[in-house]
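Enquirer: Please work out how this folds:
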Amino acid sequence: MVFKVSRVQSTPFEGQKPGTSGLRKKVKVFVQPHYLHNFVQSTFNALGADVVRGATLVVSGDGRYFSKDAVQIIIKMAAANGVRRIWVGQNSLLSTPAVSAVIRERVGADGSKANGAFILTASHNPGGPNEDFGIKYNMENGGPAPEGITDKIYANTTTINEYLIAEGLPDVDISTIGLTSFTGPEGQFDVDVFDSASDYVKLMKSIFDFESIKKLLTSPNFTFCYDALHGVGGAYAQRIFVEELGAQESSLLNCVPKEDFGGGHPDPNLTYAKELVARMGLGKTKGNQEPPEFGAASDGDADRNMVLGKRFFVTPSDSVAIIAANAVQAIPYFSGGLKGVARSMPTSAALDVVAKNLNLKFFEVPTGWKFFGNLMDAGMCSICGEESFGTGSDHIREKDGIWAVLAWLSILAYKNKDNLGGEKLVSVEDIVRQHWSTYGRHYYTRYDYENVDAGAAKELMAYLIKLQSSLGEVNK
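Expert: Here you go, the predicted structure:
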């Protein structure tokens with residue numbers, strides 16, 4: 001199959017400025033003629049022809065509505081811009097942490113390594129024809145594009161007048177694993193559809209002691225529940241929790257990925273993970289069944305997580321602190337010690353105290369995972385987290401929901417390694433209360449304001465910034 005390159009005339013769209021996690025808009029905005037095309041071409045132009053030509057790029061996401069159409073558009077544009085090969089997760093499904101892992105770890109049959117990725121996700125936002133879509137670019141280190149690149153992308157979107165696309169290139173079957181090859185003006189162009197879970201599962205098995213976790217999950221005294229909220233985490237849950245670790249299939253909730261997340265809001269918190277919250281005994285009405293010992297959820301693209309014990313909620317700020325405090329003993333990947341820890345500015349100081357007590361390097365960063373990535377690339381941070389239900393480590397350059405679940409299961413397995421046949425296991429609540437008794441308890445409150453007017457929100461923030469310049473007067 002031979003394709004030609006066409007130059008399509010276009011004009012800029014307002015507001016294509018990437019945020020901390022890329023460009024997010026309503027689907028109705030993205031499906032406008034040329035809208036996605038403009039952003040993708042602006043990204044290629046920002047990266048530069050020397051990076052794009054001959055590159056290997058990953059294109060996949062959380063499977064939300066419009067993803068499959070977007071993949072085909074990006075494939076055609078990549079071919080026209082001189083990209084050598086595209087890697088696509090089967091059915092265009094790859095969690096955001098799995099994309100980072102694929103960039104960093106996967107080696108193609110021809111020895112190729114990925115240079116970057118387009119991730120199609122709006123994270124924890126709802127999906128469907130009337131809901132949200134998103135796209136972001138990740139770099140060769142597996143992390144989000146730095147501000148220097150996103151600023152260039154935005155500048156390009158304000159002046160773009162044409163984009164390149166492959167004419168005569170048919171849609172690729174992304175439901176079937178295999179290699180499809182085409183020929184263009186610059187030679188061969190390949191699209192490699194691969195199993196969405198294999199690379200990520202392999203990485204998790206290199207980090208955690210799966211045998212130890214399996215003993216816990218198969219213990220008659222331990223019960224477990226994981227809710228993917230119909231996000232892409234479901235593509236990994238069966239493979240990891242059931243096939244590898246021996247959990248019962250009945251322990252998986254909402255683990256079939258859906259374009260509209262089953263009509264729900266794929267945000268793993270006490271408000272939206274209603275079914276899990278009720279099963280764990282934290283609902284408004286008391287159930288008749290005894291709750292599981294451990295419950296967890298992840299969001300649409302499986303980079304966020306919520307951890308629950310029986311009738312017990314673990315705050316994200318406590319979660320990262322507890323993982324850091326127990327990592328060296330409980331997780332083989334960290335057996336040699338931690339390089340340092342970090343949290344985002346709004347996150348509670350629970351991690352600070354752990355760092356001080358364990359004599360670890362500690363960092364506070366602005367909101368945005370790319371800032372953690374900078375520390376990791378410099379070899380200064382092993383574990384990090386944020387109060388918005390994001391936790392991760394230097395195994396990749398994104399937060400990682402399933403990693404956090406496995407980290408907690410590892411801690412539980414370690415605490416119960418000599419007690420699996422006992423009458424009462426060490427519980428999530430026991431671990432948290434023991435942590436509080438050792439390091440103290442930190443209180444904080446998070447308020448979420450959803451669907452507020454963007455203009456009014458910007459005015460409020462501008463007013464607050466103005467007040468900062470006169471704090472002396474304000475505090476009189």
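Enquirer: For the stretch 351-476 of the chain, just list every one of the helices.
Expert: Secondary structure of the stretch 351-476 of the chain by DSSP state H, counting those that start in this stretch: the helices cover 369-377, 401-415, 428-439, 454-468, 471-474.
Enquirer: The stretch 151-300 of the chain now?
Expert: 198-207, 210-217, 234-237, 274-279.
Enquirer: ranking the ones you listed by burial, who's on top?
Expert: helix 234-237 (a mean of 26; mean count of other CB atoms under 10 Å). Quick note: C-beta positions are derived from backbone N, CA and C, even for glycine.
Enquirer: out of the helices of the stretch 151-300 of the chain, which comes closest to L36?
Expert: Proximity to L36 (CB to CB) singles out helix 234-237 among those, at 23.5 Å.
Enquirer: helices and strands around that closest one, which ones?
Expert: Using 3 or more CB pairs under 8 Å, 6 or more residues apart in numbering; DSSP states H and E as the contact test, no helix or strand touches helix 234-237.
Enquirer: Averaged pLDDT, that helix. What do you get?
Expert: Averaging pLDDT along helix 234-237 yields 96.
Enquirer: most tightly surrounded among the helices of the stretch 351-476 of the chain?
Expert: It is helix 401-415: most buried of the helices of the stretch 351-476 of the chain by mean count of other CB under 10 Å, with a mean of 25.
Enquirer: Can you check what pLDDT the model gives the residue nearest to S181 when sequence neighbours are not counted?
Expert: Of all residues not flanking S181 in the chain, D190 sits nearest, at 5.1 Å (CB to CB, 6 or more residues apart in numbering). Per-residue confidence (pLDDT) for D190: 97.
Enquirer: number of nearby residues for D190?
Expert: 18 (other CB atoms under 10 Å).
Enquirer: partner residues bridging it?
Expert: When assigned by DSSP bridges, D190 has beta-bridge partners R85, S181.
Enquirer: right, and it touches T183 too?
Expert: No. Judged on CB atoms under 8 Å, D190 makes no contact with T183 at a distance of 10.4 Å.
Enquirer: re earlier: adding mean pLDDT as columns, could you present the helices of the stretch 351-476 of the chain in a markdown table?
Expert: Shown next, in a markdown table, are these (pLDDT from 0 to 100):
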| stretch | mean pLDDT |
| --- | --- |
| helix 369-377 | 93 |
| helix 401-415 | 98 |
| helix 428-439 | 98 |
| helix 454-468 | 88 |
| helix 471-474 | 67 |
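Enquirer: So which of these is nearest Y236?
Expert: Taking CB to CB, helix 401-415 is the member of the helices of the stretch 351-476 of the chain nearest to Y236, at 5.7 Å.
Enquirer: That closest one vs helix 210-217, what angle?
Expert: If you take axes from the mean of the first three to the mean of the last three CA atoms, to 10 degrees, helix 401-415 sits at 80 degrees to helix 210-217.
Enquirer: So which other helices or strands are in contact with helix 401-415?
Expert: Helix 401-415 packs on helix 96-105, helix 198-207, helix 210-217, strand 294-298, strand 305-309, helix 316-330, strand 390-393, helix 428-439, going by 3+ CB pairs under 8 Å, 6+ apart.
Enquirer: Measure how far it is from the centre of its chain, please.
Expert: 17 Å (CA atoms, centre = their mean, to the nearest Å).
Enquirer: again with stretch 390-400
Expert: 8 Å.
Enquirer: Turn the helices of the stretch 351-476 of the chain into JSON lines, columns for distance to S21.
Expert: Formatted as JSON lines, those follow (distance: least, CB to CB, whole Å):
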{"stretch": "helix 369-377", "distance to S21": "8"}
{"stretch": "helix 401-415", "distance to S21": "14"}
{"stretch": "helix 428-439", "distance to S21": "29"}
{"stretch": "helix 454-468", "distance to S21": "16"}
{"stretch": "helix 471-474", "distance to S21": "30"}
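Enquirer: wait, which of the ones you listed is closest to S335?
Expert: Closest among these, using CB to CB: helix 401-415, at 11.6 Å.
Enquirer: picking up where we left off before, columns distance to I174 on top of the helices and strands packed on helix 401-415, output as a markdown table?
Expert: Output for the helices and strands packed on helix 401-415, formatted as a markdown table (distance: least, CB to CB, whole Å):
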| stretch | distance to I174 |
| --- | --- |
| helix 96-105 | 15 |
| helix 198-207 | 16 |
| helix 210-217 | 30 |
| strand 294-298 | 23 |
| strand 305-309 | 27 |
| helix 316-330 | 34 |
| strand 390-393 | 28 |
| helix 428-439 | 39 |
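Enquirer: nearest to C381, of these?
Expert: strand 390-393 (8.5 Å).
Enquirer: quick one on the thing from earlier: is it possible to export the helices of the stretch 151-300 of the chain to JSON lines including distance to V71?
Expert: What follows is the helices of the stretch 151-300 of the chain, written out as JSON lines (distance: least, CB to CB, whole Å):
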{"stretch": "helix 198-207", "distance to V71": "18"}
{"stretch": "helix 210-217", "distance to V71": "32"}
{"stretch": "helix 234-237", "distance to V71": "15"}
{"stretch": "helix 274-279", "distance to V71": "30"}
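Enquirer: Of the ones you listed, which is nearest S382?
Expert: Closest among the helices of the stretch 151-300 of the chain, once you apply CB to CB, is helix 198-207, at 11.6 Å.
Enquirer: other SSEs contacting the closest one?
Expert: Using 3+ CB pairs under 8 Å, 6+ apart, helix 198-207 is in contact with helix 96-105, helix 401-415.
Enquirer: That concludes my questions; thank you for your assistance.
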